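1. with the input below, show me the fold.
(one chain, ligands or ions: 1)
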Amino acid sequence: MDNLYTELKKYGRVKVDEPLAKHTTFKIGGPAKYFVIVEDASTLAELLKFLDGEGEKYVMLGGGSNVLVSDEGFEGVVIKVKGNSIKVKDGVIEADAGCTTVQVAQESIKAGLTGFEWGVGVPGTIGGAVRGNAGAMGGDMKDAVEKVEIYRDGEILELTSGDCGFGYRDSCFKYNGGVILRVWLKLEKGENRDLQKQAINNIQYRNQTQPQGHASSGCTFKNVEITEDVDFKIDIPQDFLEKGIVSAGWLIDQCKLKGYKHGNAQVSEKHGNFIVNLGGATANDVLSIIDHVKGEVYNTCGVNLQEEIQII
Ligand SMILES: Cc1cc2nc3c(=O)[nH]c(=O)nc-3n(C[C@H](O)[C@H](O)[C@H](O)COP(=O)(O)OP(=O)(O)OC[C@H]3O[C@@H](n4cnc5c(N)ncnc54)[C@H](O)[C@@H]3O)c2cc1C
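-> Predicted coordinates:
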């Protein structure tokens, strides 16, 4: 094995030519030249400093639940972040970025804290959730985050929620880089029984509305915020107008695209914004569907859909 392999082993388990399809919820993606599994935030920071110092190319992977990895894979280091450290004190939850969002939500409920019950249904890590300002059932990370610790350009920084540039499924990390190392959530005291009930309702709602039994990466496109720049060619229902946002799934449905297939990928018949892997789909199958859907939605509805999933 080469020098880089030996160096990487100081930070965690290392695999070479690891198929990324094994690490994405889409079950799609070619090999990572190096795949390092890092188990805690401090080791992650050390690894990032090392890679930057050496000028090595790397990409972060949390739960792999919001990515489409190319069939060629990644010709560099893929860092898979895991974590177990969750501490609860005075209404604040501190978690390593690699903890799953579900774990953090369950701990918040156990501690009788409210404001993060929606997290019980969101796959992936809390670090990935911060980067994408993940949300569900009317809540999002913006409202729960107190501060985050990040690594950027050799430095470890603390950013408040206000510094994170959160917008709808958006944050400054998408533009300025930065790896989230630790997350602090500030929550309110709640009634434990109500919280459990709310969490169960959230999961039941998801099971009813989202496709079951096929691999996917969740919602492919962002919902469309109603602004002066968007000139809809179709009538928009009142409830979307009132909320100021139009469901991308509804727009896709207006174009009769549910069930549309390319290769082994398909627009879900249950939820127009999900693309599902019917078994053996390639990234190119999914990209063809994305192109087709964007074209049809633009022609029929006058809207340019934006991908929510991150393409690696
Ligand atoms: C069935 C299903 C349902 C879903 N439902 C929802 C939902 O209700 N709401 C919602 O918002 N999303 C939903 N998603 C999408 C996804 O779960 C979220 O976006 C999730 O927060 C992504 O986290 P992750 O750890 O899997 O990120 P990954 O997919 O691993 O990574 C996403 C991006 O973040 C980067 N990244 C990962 N970790 C870090 C880090 N520590 N620091 C900096 N960058 C990082 C990656 O490089 C990549 O660009 C769903 C997905 C699926 C499959």
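
2. pull out the buried positions in the one helix or strand in the chain whose mean pLDDT sits lowest.
-> Lowest by mean pLDDT, DSSP states H and E among the helices and strands of the chain is helix 192-209, with a mean of 78. Neighbour counts over helix 192-209 (16 or more other Cβ atoms under 10 Å) mark 195, 198, 199, 202 as buried. C-beta: built from backbone N, CA, C; applies to glycine.

3. residues contacting the third one?
-> Applying Cβ atoms under 8 Å, 6 or more residues apart in numbering to residue 199 gives the contacts 105, 109, 117, 120.

4. if we can go back for a sec, give the next helix or strand downstream of the least confident helix or strand of the chain.
-> strand 215-219 (DSSP states H and E).

5. quick one: distance of that next one to the chain centre.
-> Taking Cα atoms, centre = their mean, to the nearest Å, one finds the center of strand 215-219 at 10 Å from the center of the full chain.

6. show me the shaky parts of this protein.
-> For the chain, residues meeting the criterion pLDDT under 70 lie at 1, 192-193.

7. 90 instead, please
-> 1-2, 84, 90, 121, 136-138, 189-213, 227-231 (pLDDT under 90).

8. near the ligand, which residues of it show up?
-> By the rule Cβ under 6 Å from any ligand atom, the part of the chain lying against the ligand is 25, 59-67, 81, 97, 122-125, 127-129, 131-132, 134-136, 173, 179-180, 210, 216-218, 310.

9. so which of those residues belong to helices?
-> 127, 128, 129, 131, 173 (DSSP state H).

10. dump those residues to a markdown table, plus neighbour count.
-> Listed next are these as a markdown table, based on neighbours: other Cβ atoms under 10 Å:
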| residue | neighbour count |
| --- | --- |
| 127 | 28 |
| 128 | 26 |
| 129 | 29 |
| 131 | 27 |
| 173 | 23 |
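
11. was I right to think residue 232 contacts residue 302?
-> Yes. Counting by Cβ atoms under 8 Å, residue 232 touches residue 302, with 5.5 Å between them.

12. next, the closest residue to residue 181 other than its chain neighbours: phi, psi?
-> Of all residues beyond its chain neighbours, the one nearest residue 181 is residue 41 (4.3 Å), with distances taken as Cβ to Cβ, 6 or more residues apart in numbering. Per-residue torsions, residue 41: phi -60, psi -40 (degrees, to the nearest 10).

13. on that earlier part again, what's the most distant pair in the ones in helices among the residues of the chain next to the ligand?
-> The span of these, defined through Cβ to Cβ, is set by 129 and 173 at 11.4 Å.

14. start to end distance for stretch 228-238?
-> 17 Å (Cα to Cα, to the nearest Å).

15. also stretch 121-132?
-> So stretch 121-132: terminal residues 15 Å apart, Cα to Cα.

16. just how off-centre is that stretch within its chain?
-> Per Cα atoms, centre = their mean, the centroid offset for stretch 121-132 relative to its chain is 5 Å.

17. which helix or strand contains the spatially closest residue to residue 166 that is not a sequence neighbour?
-> In this structure, residue 166 finds its nearest non-sequential neighbour in residue 142, 3.8 Å apart by Cβ to Cβ, 6+ apart. Using DSSP H and E, the element containing residue 142 is helix 141-144.
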